[in-house]
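Engineer: Dropping a prediction and its sequence here:
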Amino acid sequence: MSAPECHKQLLQHLAACLGAYQPNKVVLALSGGLDSMVLLQLLHQLQPQAPWQLHAVHVHHGLQPDADQWLLFCQQQCQQRGIAFFAHHLQLTGQGNLEARARTARYQALEPYCDTTGSLLLTAHHADDQLETLLLALKRGSGLAGLSGIAAYRPFAAGSLVRPLLPFTRAELVKFAEQQQLCWVEDASNQDNRFDRNFLRQNILPRLTERWPAFAETASRSMAHCAEANQQLAAMTAELATNCISSDGELKLSPLTDYPKIQQDAIIRHWLASYQLNPEQRWLGTLRRDVIEARQDASPVLQLADWQVRRFNDRLYLLAANMIEPSEQTLLWQGEGELSLPGGLGRLLFRQERPEDSLAWLPLQLSEQEATVCFGRMSSDFKPAGAQHHKTLKQWCQLWLIPPWQRHQLPLLFEHDRLLAVAGQASCFHPEQANLWLCYHPGESFNMNCKEP
């Protein structure tokens with residue numbers, strides 16, 4: 001393809017892409033490299049007739065000695081074209097894959113700029129990036145989702161993320177850049193073959209495309225087939241999962257086991273995906289053996305990243321590991337109308353008169369305007385109003401089907417050493433005996449299924 005023809009196709013494709021989404025604001029992730037400078041130039045050429053505002057955002061990672069010069073270069077290039085420019089500095093923390101952490105932090109930094117439904121974030125990924133992604137997915141043993149490659153579109157922040165250059169190879173972008181006499185920066189770390197993507201780019205892709213010039217194009221078709229199959233599978237799995245996932249987010253095991261094993265695994269993956277979790281196949285085997293198929297009286301736990309999968313009452317629960325620690329604090333209530341509980345467990349409300357919505361309130365009878373609120377003490381003797389016998393609090397929790405990890409977070413109201421009420425559950429007094437009423441408003445830490453919003 002000649003340079004003029006390449007220019008024409010790039011411009012037409014980008015115009016059609018933007019026209020399909022009809023944004024009111026276009027945000028370009030501008031690194032200063034070849035790819036993003038090509039996209040900057042194309043957007044600049046479309047801008048005079050465009051109904052959208054154009055913003056360019058440069059994310060300064062602070063990882064390279066030349067990072068300050070790259071920021072200055074991007075700023076100058078935008079000034080020359082009259083394009084609004086913004087810069088964001090990152091401070092990367094933590095351990096693990098630096099490339100992955102930088103990518104995650106970069107997208108997090110870009111989110112505030114995509115702040116309306118009409119906002120469109122553009123990144124300059126191209127066909128060679130797709131091919132690298134496919135090979136890396138094969139190296140990891142990825143499934144259909146991984147083999148689908150880089151998505152051309154996905155929701156992002158309040159708007160959308162679009163990658164309009166995916167149909168074009170880097171060689172085609174170079175032709176356009178040279179025709180337009182563009183300048184761009186070169187990241188020296190791109191030559192570091194310690195990074196897998198660089199190794200592929202420097203040593204593998206040139207040999208593949210030399211032997212098979214259309215390899216990137218045909219690989220893109222394969223990824224498109226994988227993406228289509230993955231979408232179909234996801235839609236079918238989501239429909240099956242409606243019978244297995246409760247309104248509170250637990251996975252119900254009885255209906256799950258009605259399906260063949262391969263569909264069970266798909267439903268479990270669908271359930272975990274809502275928490276941004278994607279375990280290896282081996283982990284699913286461990287989940288089945290050690291949790292799902294554990295004996296009925298067991299309380300199995302399986303770790304997954306910073307989460308725990310637990311089974312109770314024929315259901316699986318996914319809980320943030322840091323949200324199920326028992327509280328050991330003791331509080332003194334001395335007549336106030338509201339008492340805040342520790343560790344995000346919520347608050348207790350007290351009323352002298354019977355509230356109109358008394359179904360949500362427990363009746364109490366106190367001899368003094370003073371009581372103790374504590375947690376745990378599962379061996380405490382308790383007899384709810386209307387019950388025939390005393391039982392330990394642990395036995396009552398079993399009857400109330402309260403999961404074991406939640407029992408030590410129940411606020412317990414004592415007068416001296418007598419357990420008067422289990423907040424949110426039961427009182428040992430009848431309404432006609434009450435001289436005080438108690439209502440429990442649980443906090444986020446008390447949720448059975450601690451799913452992030």
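Structural biologist: It's in. Numbering: from 1, shown residues only.
Engineer: And the residue nearest the centre of the chain, how close does it get to residue 132?
Structural biologist: Geometric centre of the chain, nearest residue: residue 276, 4.3 Å, by Cα atoms, centre = their mean. Applying Cβ to Cβ, to the nearest Å, the value for residue 276 to residue 132 is 23 Å. All C-beta spots, glycine's among them, are computed from the backbone N, C-alpha and C.
Engineer: Residue 194 too?
Structural biologist: On the measure of Cβ to Cβ, residue 194 and residue 132 end up 15 Å apart.
Engineer: more crowded one of those two?
Structural biologist: Just comparing residue 194 and residue 132: by other Cβ atoms under 10 Å the higher neighbour count belongs to residue 132, 22 against 7.
Engineer: Please identify the helix or strand for that one.
Structural biologist: Element membership for residue 132, per DSSP states H and E: helix 127-140.
Engineer: tell me what that helix is packed against?
Structural biologist: Under the contact definition 3 or more Cβ pairs under 8 Å, 6 or more residues apart in numbering; DSSP states H and E, helix 127-140 sits against helix 144-147, helix 196-199, helix 205-211, helix 215-241.
Engineer: between those helices, which gets nearest to residue 428?
Structural biologist: Residue 428 sits nearest to helix 215-241 of all these, at 41.8 Å, using Cβ to Cβ.
Engineer: List the contacts of residue 192.
Structural biologist: Residues near residue 192 by Cβ atoms under 8 Å, 6 or more residues apart in numbering: residue 198.
Engineer: go again using 10 Å as the cut-off
Structural biologist: By Cβ atoms under 10 Å, 6 or more residues apart in numbering, the contact list for residue 192 reads 198, 199, 202.
Engineer: now the helix holding residue 132 against helix 215-241, angle please.
Structural biologist: When axes from the mean of the first three to the mean of the last three Cα atoms, to 10 degrees is applied, the directions of helix 127-140 and helix 215-241 differ by 60 degrees.
Engineer: starting at the chain centroid, how far to helix 127-140?
Structural biologist: Distance, stretch centre to chain centre, for helix 127-140: 23 Å (Cα atoms, centre = their mean, to the nearest Å).
Engineer: Tell me which residues of it come out buried.
Structural biologist: 127, 128, 129, 130, 131, 132, 133, 134, 135, 137 (16 or more other Cβ atoms under 10 Å).
Engineer: and which of those residues is nearest residue 58?
Structural biologist: For those, the residue nearest residue 58 by Cβ to Cβ is residue 129; the value is 19.1 Å.
Engineer: For the closest residue to that closest one other than its chain neighbours, grab phi and psi.
Structural biologist: Using Cβ to Cβ, 6 or more residues apart in numbering and skipping the chain neighbours, the partner closest in space to residue 129 is residue 150 (6.3 Å). Phi and psi for residue 150, reported as degrees, to the nearest 10, are phi -80, psi 130.
Engineer: So residue 150 sits against residue 132, correct?
Structural biologist: Yes. The pair residue 150 and residue 132 qualifies as a contact (Cβ atoms under 10 Å) at a distance of 9.5 Å.
Engineer: between the two, what contacts are shared?
Structural biologist: Taking Cβ under 10 Å, 6+ apart as the contact rule, residue 150 and residue 132 both touch residue 125.
Engineer: State the pLDDT value of the closest residue to residue 431 other than its chain neighbours.
Structural biologist: Counting by Cβ to Cβ, 6+ apart, residue 363 is the residue found nearest to residue 431 once chain neighbours are left out, at 4.7 Å. Looking at residue 363, its pLDDT reads 94.
Engineer: same question, residue 452
Structural biologist: Reported pLDDT at residue 452 in the predicted model: 35.
Engineer: And for residue 343?
Structural biologist: 79.
Engineer: So it belongs to a strand, correct?
Structural biologist: No. Assessed with DSSP: H, G, I helix; E, B strand; the rest coil, residue 343 is helix; it does not lie in a strand.
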